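Student: Below are the sequence and a predicted model for it; my questions follow.
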Amino acid sequence: MAPSNVKTAMKENAYEELMDPQRKWYNNRRLIILNAWIVLLLVTSTASGYDGSMVNGLQSLPQWESYFGFPTKGKLGLLGAIQNIGSLAGYPFAPYLCDGIGRRPTVFIGASMMVIATAIQTASQSVEMFIGARFLVGFGLTFAASASPMLVAELSYPKYRAPLTSVYNSLWHLGSIVAAWATFGSFKIQSTWAWRLPSALQAVPSLVQVFLVWFVPESPRFLIRKGEESKALRILAYYHADGDENDPLVRYEFEEIKAAMEFDRTVAANIGWRAFLASSSNLKRVRIIIAIAFFSQWSGNGLASYYLNKVLSDIGITNPTTQLLLNGILSIWSLLCALTASSTVEHFGRRILFITSGCLMTLCFTMQTVCFARFTISGDPNAAHGSLAVVWRSPPLIVTYALEILPYNIRAKGFNIFNITISIALIFNQYVNPIALGMSSSLYYIHTQTISTAALNWKYYVVYCVWLVCECVFLYFYLVETKNHTLEETAAIFDGESAREKIVDSAAALAGMGVMVQENKKLEVIIVTRTEMSLPTTIPTPPLAVSIVGAGIAGLTAAIAFRRNGHHVQIFESAEKKTEVGAALGVPLNAQLVLEYLGYSKDNLKSVDFNGIERFDALTGEGNTDSWLLPELKTKPNLMVLRNDLHAELERLALGPGEGPPAKLHLASKVIACSLEEGSLTLSDGRVITGDLILGADGVSSFMRTSILGHVVKTESSGWSCYRGLIEISKLEGVPGLEWLWEGISGGRSVTKQSKVPPFRMLFVYLCHGRQLLNFVGFFDDPYQDDTEWKGESTRDEVLEAFADFHPKFQPILTALNDRVLKWQLRKLPALPTWVRGRATLLGDAAHGTLPTLAQGAAMAIEDAGALGILFPAGTTSADVPARLNAYQELRKERDEFVGRESLEQAVLPAKVGEFIRSLSMQEYLMGYDTISDTRTFFAEKFGSNSLRSLL
């Protein structure tokens, strides 16, 4: 017996137990909205049905036939077939658009083409123009008709998926009804508008789609396949669970989609069209979808759909008004049959409906053929009327069935095969049928009262009778039952029961359910509710999709922090090749604590310990040692690191093997626009990246800063600039007089020309890169700074001239510089009113400017990234993002801005007193700060002690 804290139920599917039985679409606002958008997609079928019935109706209009010269036989067949020839021309492109840019944009493209083509068709001045327009109608309809039913199937609430997808095919008949009655109503118009008006009305469904389709949500399956899992989850939650991302049904759907896609990847590589021949299960799928596609058009219905007027003429009903009336009545009957079948699709199942319909069509068409033959032989009018009384329609399941048996990775291509097959069958119907029936235009037939003796007439119907029997046999032996399964489970049935169980088990486990397969192959779904458990249980929350703009120190460190928490990280860098500039930098203790938490290797930095500074007077050459009071802090030394070495280590931790999914770095990916509320970025190549969180780590000239604030914030002059460069130690070996550089403590060498009156100048050098390089910085007063270019290039000769009056013992350092020297303006960034907007925030230099006077610029960026990692642990939901970003700003903004102000104040000290002044309290505040510990404490206070457990 199941324990008391567990709810068990025997189900043929796992998801049914998760659905709220009280959740009816008509009393749930979001399901009403979702179904309204689905109706917008369903009208694609209405447009297709309108076309078929309109062509049939136009042939009964004297105005149309006379305008185009009473088209006969082959030309009449071409008029009917050209639309499907256009469809065939579009099919090679349709699946690639559906899978490449998405279902929704593909619908828009198709609907737009339909509107244009219908306008040309309505304005036709010749039969050639009319034929060309109908080619374009078919071409455009291909894209909309390929994407719309897939989007319906992939968006629908599970309970309503099969009925709604079946309604898609049913609404073909609604279009047929509108067209039939439109042509009937325009019959008495004594001008070309008798046929132009019905033609113009064909654009209405597509025109509505053009304006409204962008409000339809994209397929969650498509988004997951493209890596936008968080957006897919938000769509599922919004429409299927009133926005609750932890709803069991939503969690199960989400995990099952991912499990099915992962299963597809493990059993078959992405080999394109060859995938249909790569496995027996795919061969079965292809066999069925090709068969039902032919069945849908070769069951005699092609005669009634496109050439009803000829059929009616053959049984003696030649009055155009009567023909149009019967066309409309038959369309209504077809719609009623289709809607009835759609409403029972999950009750009776696919096999029963298909086989029952096949048998009834065989019976009715045979009776119709007998009546038609009797009328042809004897002229009995009762037999003719009897042939109209025995009309039965095929079920509306063909689209539903074709879509649900195809797994996502081949769904678009498989549905394309299905549609191509239908077009081939339709071309046969529309081109061959009129020839086989000895068909000319109806008025021409009335005027001449001749029937071709070569035509098959009623005997042609016998061919369809035999074919219908073959259909029934195929359906009985090959059709697989798929009722009451999710889209993913249905597709997996063809891969064997073990495959379906694997997908269901994986999804159930990740969604917080246990699913055990019984001997009778039904599933026992066990759902453990949180309120019934003695210990709290949570449904696993999907990782966040994090977009980082900028691949510098701040961006890479943030990527490491977020990937370690299991989040999916993408980094977008505008440069084609990321190369760090700025030579070397300091990594003080406060930054080291964060890097240790993130798992860095000190050896990989090739760092040199920085224990203090040897200070020298630029004119006399005399010096003294300043240990920076570090021993009094009882701490480890600072590290002097080549910027490229630090960058390489951060790249290894962010992009290489390690804890959590590796981040993805996209070079040459410039961000040109963003939607901060949606969490989306638009790149210069047109790609749109949507996620849960955007981190602006794009440096001093930050695009993200402008986007968040809504205006450009210019950096301001500090009055300082500097020369920067690297010197190979090998160039200095053996040079006399450099004892001042090699002897003394391991650390920096500062050479200052003190002057209370500008110009002030100072040299600062230290070893890095395993003591193989000497980093050189030459500070100088620069009252002529501008904001056009904050960094540029200079030359060694310019540096030699600037420091020509320095003591001779320092000149060898300047002489050893490379010819190319960087020249940087040291600019300050005003305090920003905010760092946060919507789902985006700033960090590093994008948020706060820090001059190098405190050696804390890189450290502040690393601290920012470490704090963000603590504030966004595994289990953070997309809905949590805004609150966490506000917490980040609350925690970090005051400290970062203080360090920025202090670095600016320090800039004026050497000119006055000959050195930077850092008190013990200042050093304790800067280097004695533990970002990880402080943020954990802040997180617990802000979000509760239970949340803190996820950090430990």
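Tutor: Received, thanks.
Student: Give the full set of residues in contact with Leu212.
Tutor: By C-beta atoms under 8 Å, 6 or more residues apart in numbering, the residues touching Leu212 are Leu40. All C-beta atoms are positioned from the backbone trio N, CA, C, and that covers glycine.
Student: Mind doing that once more with 10 Å?
Tutor: Ala36, Trp37, Leu40, Phe108, Ala111 (C-beta atoms under 10 Å, 6 or more residues apart in numbering).
Student: Closest one to Asn565 out of those residues, please.
Tutor: Closest approach to Asn565 among the contacts of Leu212 (C-beta to C-beta): Trp37, at 34.5 Å.
Student: Which of the helices or strands spans Lys483?
Tutor: Following DSSP states H and E, one finds Lys483 outside all helices and strands.
Student: One more: Ala858?
Tutor: Here Ala858 is assigned to helix 857-871, by DSSP H and E.
Student: And Gln209, by the same measure?
Tutor: Short version, using DSSP H and E: Gln209 is in helix 203-212.
Student: That helix: what's the following helix or strand?
Tutor: By DSSP H and E, the next helix or strand past helix 203-212 is helix 220-225.
Student: Around Pro833, count how many other residues there are.
Tutor: 8 (other C-beta atoms under 10 Å).
Student: cool, and Leu726?
Tutor: 20.
Student: So it lies in a helix, does it not?
Tutor: No. Read with DSSP: H, G, I helix; E, B strand; the rest coil, Leu726 is strand and lies in no helix.
Student: my guess is it meets Ile813, correct?
Tutor: No. With contact defined as C-beta atoms under 10 Å, Leu726 does not reach Ile813; the gap is 11.8 Å.
Student: between the two, what contacts are shared?
Tutor: Leu774, Phe776.
Student: Can you pull the phi/psi pair for the residue of the chain most remote from its centre?
Tutor: Most distant residue from the mean C-alpha position of the chain: Thr620, 66.2 Å away (C-alpha atoms, centre = their mean). The phi/psi pair for Thr620 (degrees, to the nearest 10) reads phi -90, psi -20.
Student: check contacts around it.
Tutor: By C-beta under 10 Å, 6+ apart, the contact set of Thr620 is His807.
Student: where does it sit relative to Phe779, distance-wise?
Tutor: 19 Å (C-beta to C-beta, to the nearest Å).
Student: again with Gly100
Tutor: Here Gly100 is placed at a distance of 54 Å from Phe779 (C-beta to C-beta).
Student: now Gln570
Tutor: 38 Å.
Student: The two - which one has more neighbours?
Tutor: Neighbours were counted for Gln570 and for Phe779 using other C-beta under 10 Å; Phe779 has more, 22 against 19.
Student: Helix, strand, or coil at the more buried one?
Tutor: When classified by three-state DSSP, Phe779 comes out as strand.
Student: what bridges to it?
Tutor: Cys722, Met762 (DSSP bridges).
Student: so what's it up against?
Tutor: 720-723, 750, 752, 760-764, 826, 852-853, 907, 910-911.
Student: 7 Å instead, please
Tutor: Trp720, Cys722, Arg761, Met762 (C-beta atoms under 7 Å, 6 or more residues apart in numbering).
Student: Go through those residues and name the one nearest Ser746.
Tutor: Checking the contacts of Phe779 against Ser746 by C-beta to C-beta gives Met762 as the nearest, at 20.4 Å.
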